[in-house]
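Q: quick one, fold the following:
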Amino acid sequence: MRHDCRMSEPDIAGGGAAVLRGRFLYNEPMARHVSWRAGGAAQRVYIPADLEDLVWLIRSVPLREGIHMVGLGSNLLVRDGGVSGVVILLHGVLRKLAIESRTHGLPPVPPDRDSVLVYAQAGVATPKLARFSANHNLVGGEFWAGIPGTVGGALAMNAGCYGGETWDRLAQVETLDRLGQINERLPTDYVTGYRHVALKQPHQEWFVGAWFRLDRGDGAASRETIKRLLKTRIAAQPLQTPNAGSVFRNPPGDHAARLIESCGLKGQAIGGAQVSEKHANFIVNTGHASATDIERLIEHVENTVEARTNVRLIREVRIIGERQ
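A: Numbering: from 1, shown residues only. Now for the predicted structure:
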């Protein structure tokens, strides 16, 4: 069921009432919004009109109710029993992408570095950020072309590939907290690592934008690098079949795909979910997989690898919702 929403909601910050300008969808199949193309329905999905509208929506949701932010859904599995609370779709909504002129009070860069701040909101696809940077003769962000997600997701997990990581280029983030307040934070406010990001002082909030510092350079060379990385990705990954990218983090000094393949798991299937024949760290939907099939196969891979190699793989993918 789909309905336009023009609801007047209470402002818990005490500023009166606001009219939401986005859209609510009810009992929305989340298979439409995740790259695995499987999973249950969300009680309520909200598509905000812009960042200001998102702020009012967060302020209107009771604090006891769960909120899930979703970008491209390329790193997410929603269980077949569905998900309660409010799911908020950001891709294509928070889409501002621009060269910044102000410094936001950031520490000065070394005089020998010719750099520029690029502002990207959370709903911008990371490949678009890579192309935008290259087209403005900026270098260092080419790796984003190989990440099938949004800026918000890349920030949340320090996404990276081909030797680059998102937080290596980060100057400052913009967040929205559970009370509907916008904050600007520095990287020093966080503990970051390989596929890991956490506030030093835990507080429920979401990334809604970021400023990245990139160096001026050869845009043509940058665009050629992007083309080469995309060719490598196409050759190595099962992009023609629904998947969520890498399922597991690489263990220190090793690769999850090598461990999975060494255990004879390549090609193994549960229902419609299969460990990819092309890349063992991908689980693909062969056409009729349920979220339960996918989750059971993830667990099977974890348990088998641990039993045979004594390495417990850590998931990159996020699983939400209720089991059916």
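Q: for the residue nearest the centre of the chain, helix, strand, or coil?
A: Compute the mean C-alpha point of the chain, and by C-alpha atoms, centre = their mean the closest residue is Gly153, 2.1 Å away. Three-state assignment for Gly153 (DSSP: H, G, I helix; E, B strand; the rest coil): helix.
Q: and it, how far is that from Phe207?
A: Separation of Gly153 from Phe207 (C-beta to C-beta, to the nearest Å): 9 Å. For every residue, glycine as well, the C-beta is placed using N, CA and C.
Q: longest strand of this structure?
A: Secondary structure of the chain per DSSP state E: the longest strand is strand 205-216.
Q: the closest residue to Glu65 other than its chain neighbours is in what secondary structure piece?
A: Closest residue to Glu65 apart from its sequence neighbours, by C-beta to C-beta, 6 or more residues apart in numbering: Gly85 at 5.1 Å. Per DSSP states H and E, Gly85 falls inside strand 83-89.
Q: just checking, what packs against that strand?
A: Applying 3 or more C-beta pairs under 8 Å, 6 or more residues apart in numbering; DSSP states H and E, one finds that strand 83-89 contacts strand 41-47, helix 51-60, strand 67-70.
Q: now the ones you listed as JSON lines including mean neighbour count and mean pLDDT?
A: As requested, the helices and strands packed on strand 83-89 are arranged in JSON lines below (neighbours: other C-beta atoms under 10 Å; pLDDT from 0 to 100):
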{"stretch": "strand 41-47", "mean neighbour count": "21", "mean pLDDT": "98"}
{"stretch": "helix 51-60", "mean neighbour count": "20", "mean pLDDT": "97"}
{"stretch": "strand 67-70", "mean neighbour count": "21", "mean pLDDT": "97"}
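Q: OK, contacts around His68?
A: By C-beta atoms under 8 Å, 6 or more residues apart in numbering, the residues touching His68 are 42, 83, 85-88, 320.
Q: could I get the residues you listed in a markdown table, plus columns for distance to Thr225?
A: Formatted as a markdown table, the contacts of His68 follow (distance: C-beta to C-beta, whole Å):
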| residue | distance to Thr225 |
| --- | --- |
| Ala42 | 38 |
| Val83 | 38 |
| Gly85 | 41 |
| Val86 | 40 |
| Val87 | 35 |
| Ile88 | 34 |
| Ile320 | 35 |
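Q: perfect, that will be all.
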